[in-house]
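Peer 1: okay, structure incoming, though there's no sequence with it:
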């Protein structure tokens, strides 16, 4: 069965139309002005509530504006409604009205509220007020929201007018983005707000406060009204400051598929503990503990379908992950200015990866083209354990961070493969078989830290930053490799190897980076020096590596492995790199308040590198000491323009020069003939190569504009690199398709790329429409020699994709995207072939949350490659249902690869070779997963007062204050 | 030491000789609002002309003389002179200096300008020390005090103020030949233990001082602060308020009198323990302030205007500006003073009252806010003055700011 993208769109359309109709309802309006009865002025921030009389459910509410006005639209007709007004210090007011089609608009004109002096003391509020202004803080009262008893904070936020939850997880309040989400004034298990909003039950919350904080990253002089940060603080009830929550799930499917996940968090006032674990054989990978905890929240709706079986992965993985994190704060409050905490982290992860692949490669050489087709099976096992501890202490002008970690890794692997090579016009010329088995062990230890002292004040003589890092690692590996090559043309060229490689290595390196910010101050005192800023940086890097490489060959006569003196070697390398730099910068700024702000900053780093590399080996020619001095300046120009209430533009140009020196294995390589198809002979007279990089970057953003419905942002970035003395290949192919490489220095390598994206988000009442475009072009020119023919390989990659996302309220959302990826590889040399490749990728996504407790998701991916004429289609569907009154039990049914047309195809190209690889992956399966959500909030005492920030200020009209400089 | 006692005695004698101070019990939360016409006889909007020459950012400092609105704009670092109808007259810019303070010297019809040399950038500490000890030799390097003759502004007649060695402390003229200034700070390694919050100087020498404090021990003064002075419109008389005290004082060349003692609710009052607490660093002091956003650190923004006393509370709350109506003993919250038809529903005032004289209070607002307000209030059919009608017709939201002149209603007590 073949499905076209258009057919899919048609399938999705009815749901879309159904959702659209739901939003249209006949409606009336209620307006009025609230005034103080005694003093006759408009009362601001009076809470006006509309209840349905029949079941006293809340329909809508507003806070009056500065003139005391309120204005409700979309009020249902023919329903008796209680209009209730409450305001601290005033007597309440309420009235029952019914709107109908004859009189759909009701105007209260002026409602006068009387002061209630009694209430001033006791704050008697008859109705539960859902939302009110308390001074500068907007307070949301969860008790006023009639929601399911299992609702979490996020469910409630959706009901608050003015608060929008966006598809990417962003929360906005009246169009302004919430920057921080805190629980009792502190971040909750890291920076992902979902862990707080999707887990904490509405019933554990005393109130939610929304207030603005000043952006402390900017100095008082730079701060503008636009820089204030919107913070949402979730205040837990006094008896809910201790608790635990999480998710445990297990699933079993056809085709022996399984999955199990666990995420558990516990917290009290100062300490937080998070534990997570996952095991599966459906290529579902976990990056770290934090992301696993973000995927195991109580909320069931997962519109992005992020944490599901990955059909695009190479092979099939058996995977496990275990992680624990303990965080303890020594001080009770943490704001962005002060912290004092200790953090322990323990993770273990392991994978067993089974890959079967079939690849076909075309290599173009002078007069000859080779077709290689190979089949490979491999198993790779990896197991890593990491323990780390970090300590952070931050004060107003000091910042200390210390961290240490140990890492242990064990790996086993084996692979076998068979390759058949055909030469154009000749047929099969060789066949090879390879088998290898390996075992690796590595351990590493690292210790590092930062200390920043008065870092942002370049006028203070003690302003500096220090960063240091030290690493030590040990590696041990044993590899056994069997390889045979049979030539059908010349049996004399047949080879057969059975080799054992035993490698032991150790590495250590230390880095110290110091930046001194007050150089101008030190040299020129309080002189402003035309506003040019001067900094001094120094980067010192010292390292040593030791390698023992033992190679032995199996002697079929004695049945013993005998040492191979041609390859066995020891190598010690010492490297010292010292990079001092003087940084000069100057800014040209112009501000016209309420109009625009623009600044241009020119900065240059006059830096150099002193590099010594010393190599010692048992091979005489590999004993070398090399010294280099490089001048490595870099410069950039930055432009920023912000139009008040409008858009902002950010552009930059940069240039830098870098050198890279040839490695010992490029100068004096040790050739191992057991590598069947490629031999590197190096070149002892290679020089360092120098690259010049030019960069350009442009970003435009428009958001929260009061006159515009749509937010727009786009960005373009580009790079141009030229390389002198590039280390390139001069390769020769023998008649068996084997490549012999000699390295040469060559000028003329260059690369340019340009990429861009365009995003727009349009608000349509409660619905959201978003468009996203991404595109990139990458072009490279690499001169090289193939069989003595000079050729320039030009490789061009073009990628384009467009995505449309539409969300109708909370019930349904869907997205469609189309992408085209093209790559061209052109060889200028005579008789060399050029390649072209084109991929079309279409995907669609639909999520439906209806009826109650049901969620249905569908994802579809369709890939078509026009070069190989291969297609692949993947359709996955998920259906889940929540059980129990507490909704703590969930059953989920997943149908994966319903069409049975999924294939993993990858196409890679290098100078003169293009390879198409098809690997095994997951195949159709059905899975049933059951999840349980343990959760308890409560126990313990607590008061906790909200700590505000910001310095007192705001004097006016006075004289004789401190002068402004 | 003898001087100290003498000063203390003098101080006590002067305080006791004065009439009893009025105690005002003031709860910021219950200050009421009012339509603008109940408090102000008129609100006039004077758009400042926008030309290529006169385009500026915002009014950082404002001085209103009989002839001109004189605007200092920090964005463009220039002074702009507009006549009383808002027509642009002149722009003055000195590339070497930025402006730190402005005063109108009515007698000389000159503009006193405290200029800071742009070639130097001082650290916070250096600046504090310079302000605290303004007679230091290097002061002349970092700035100067000049008079700009306003009789003929085109001539740019600028002369340094003679015999004013203390200009760095930003002194305020009290009476002819007498300047007052204030810089209050403590540091643990101070040489002298005693200093005064308020000093009267003849320009070079201190001739009187009030409010002694321990320079070493008063750690709550670790963050430099100062007394703020406010003109009264009466000759040789200023009002002032002290940091951390809720009293309003009156200063004449030979007396200090307490006029009002504000008593605030418990949650807004700085506790007594604050004055005895040992703060180990300026940072600790700043943090204490941040964790107590409700405490009012001082009263400021005083404008005595007939029966009204305009004032502000220095704390981290939205409603900071208030009006005390002496004739009715009522407190108004400036944020709750709402626009009405008499001011065509336009903004009553901008961020601050930026200048006042015997006739009116002056504030300013951006054209962006004016145009936004016009668009939002269209449905009320406001009636604009001729000046405003042509302003809305001919200007844009990016035009120069608009001056707001507020004339309070005068009631006889």
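Peer 2: Received it, and whenever you're ready, just let me know what you need. None of the values given here were measured: they were computed from a predicted structure.

Peer 1: can you map out the helices along chain B?
Peer 2: Counting by DSSP state H, residue ranges of the helices within chain B are B:2-17, B:36-39, B:124-132, B:139-142, B:273-276, B:282-291, B:367-376, B:386-394.

Peer 1: need the ones you listed in JSON lines with mean neighbour count and mean pLDDT, can you?
Peer 2: C-beta coordinates here come from the backbone N, C-alpha and C atoms, glycine included. Output for the helices of chain B, formatted as JSON lines (neighbours: other CB atoms under 10 Å in any protein chain shown; pLDDT from 0 to 100):
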{"stretch": "helix B:2-17", "mean neighbour count": "12", "mean pLDDT": "46"}
{"stretch": "helix B:36-39", "mean neighbour count": "18", "mean pLDDT": "92"}
{"stretch": "helix B:124-132", "mean neighbour count": "17", "mean pLDDT": "83"}
{"stretch": "helix B:139-142", "mean neighbour count": "16", "mean pLDDT": "85"}
{"stretch": "helix B:273-276", "mean neighbour count": "12", "mean pLDDT": "88"}
{"stretch": "helix B:282-291", "mean neighbour count": "17", "mean pLDDT": "82"}
{"stretch": "helix B:367-376", "mean neighbour count": "17", "mean pLDDT": "91"}
{"stretch": "helix B:386-394", "mean neighbour count": "14", "mean pLDDT": "95"}
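
Peer 1: tell me which of these lies nearest to residue A:176.
Peer 2: Across those, residue A:176 has its closest neighbour in helix B:367-376 (16.6 Å, CB to CB).

Peer 1: and that closest one, what other elements does it pack with?
Peer 2: Other elements packing on helix B:367-376 under the criterion 3 or more CB pairs under 8 Å, 6 or more residues apart in numbering or on different chains; DSSP states H and E are helix B:386-394.

Peer 1: hmm, the helix it packs on in reach of chain A?
Peer 2: No: judged by CB under 8 Å from any CB of the partner chain, helix B:386-394 and chain A are separated, with a smallest distance of 15.9 Å.

Peer 1: what are the contacting residues of that helix?
Peer 2: If you take CB atoms under 8 Å, 6 or more residues apart in numbering or on different chains as the criterion, helix B:386-394 is touched by B:45-47, B:85-86, B:344, B:346, B:370-371, B:374, B:384, B:402.

Peer 1: just the pLDDT for residue B:235.
Peer 2: What the model reports as pLDDT for residue B:235 is 88.

Peer 1: just to revisit the earlier point, and the contacts of helix B:386-394 as a markdown table, adding distance to residue A:481?
Peer 2: Formatted as a markdown table, the contacts of helix B:386-394 follow (distance: CB to CB, whole Å):
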| residue | distance to residue A:481 |
| --- | --- |
| B:45 | 88 |
| B:46 | 90 |
| B:47 | 86 |
| B:85 | 94 |
| B:86 | 89 |
| B:344 | 89 |
| B:346 | 85 |
| B:370 | 81 |
| B:371 | 78 |
| B:374 | 82 |
| B:384 | 90 |
| B:402 | 84 |
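
Peer 1: may I ask you to confirm that residue A:909 belongs to a strand?
Peer 2: Yes: under the criterion used here (DSSP: H, G, I helix; E, B strand; the rest coil), residue A:909 sits inside a strand.

Peer 1: what about the closest residue to it other than its chain neighbours, how many residues nearby?
Peer 2: If you skip the residues right next to it in sequence, residue A:909 has residue A:825 as its closest partner in space, 4.7 Å away by CB to CB, 6 or more residues apart in numbering or on different chains. The burial metric for residue A:825, expressed as a neighbour count using other CB atoms under 10 Å in any protein chain shown, is 22.

Peer 1: thinking again about what came up before, write the PyMOL selection for whichever of the contacts of helix B:386-394 are buried.
Peer 2: Selecting only the buried members of the contacts of helix B:386-394 in PyMOL, with burial defined as 16 or more other CB atoms under 10 Å in any protein chain shown, works like this:
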select buried, chain B and resi 45+46+47+86+344+346+370+371+374+402
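
Peer 1: who's in contact with stretch A:909-919?
Peer 2: Residues outside stretch A:909-919 that contact it (CB under 8 Å, 6+ apart) are A:314-315, A:355-365, A:729, A:782, A:784, A:786, A:791, A:793, A:795, A:823, A:825, A:827, A:832-833, A:835, A:837, A:868, A:870, A:903-908.

Peer 1: which ones among the residues you listed lie within strands?
Peer 2: In strands, defined here by DSSP state E, the members of these are A:355-365, A:729, A:782, A:784, A:786, A:791, A:793, A:795, A:823, A:825, A:827, A:835, A:837, A:870, A:904-908.

Peer 1: buried ones among the residues you listed?
Peer 2: Under a neighbour-count criterion of 16+ other CB under 10 Å, the subset of those counted as buried comprises A:355, A:357, A:359, A:361-365, A:729, A:782, A:784, A:786, A:791, A:793, A:795, A:823, A:825, A:827, A:835, A:837, A:904, A:907.

Peer 1: residue A:340 and chain B: what is the separation?
Peer 2: Counting by CB to the nearest CB, to the nearest Å, the gap between residue A:340 and chain B amounts to 13 Å.

Peer 1: and that residue, what element?
Peer 2: When secondary structure is defined using DSSP states H and E, the element that contains residue A:340 is strand A:339-365.

Peer 1: next, the angle strand A:339-365 makes with the helix or strand that that strand is followed by.
Peer 2: Tracing the chain C-terminally past strand A:339-365 and defining elements by DSSP H and E, one meets strand A:368-394 next. For strand A:368-394 against strand A:339-365, the angle by axes from the mean of the first three to the mean of the last three CA atoms, to 10 degrees is 170 degrees.

Peer 1: strand A:368-394 pairs with which strands, and in what direction?
Peer 2: Using DSSP bridges, the strands paired with strand A:368-394 in its sheet are strand A:339-365 (antiparallel), strand A:398-423 (antiparallel).

Peer 1: and the helix or strand following the shortest one, average pLDDT?
Peer 2: As assigned by DSSP H and E, the chain's next helix or strand after strand A:398-423 is strand A:427-453. The average of the pLDDT scores along strand A:427-453 is 95.

Peer 1: how far away is the spatially closest residue to residue A:286 that is not a sequence neighbour from residue A:264?
Peer 2: Nearest residue to residue A:286, sequence neighbours excluded (CB to CB, 6+ apart): residue A:321, at 4.4 Å. The gap separating residue A:321 from residue A:264 is 14 Å, by CB to CB, to the nearest Å.

Peer 1: hey, what's in contact with both of the two?
Peer 2: Here residue A:321 and residue A:264 share the contacting residues residue A:276, scored by CB under 8 Å, 6+ apart.

Peer 1: more neighbours: which of these two?
Peer 2: Neighbours around residue A:321 and residue A:264, counted as other CB under 10 Å, are more numerous at residue A:321. The numbers are 23 against 19.
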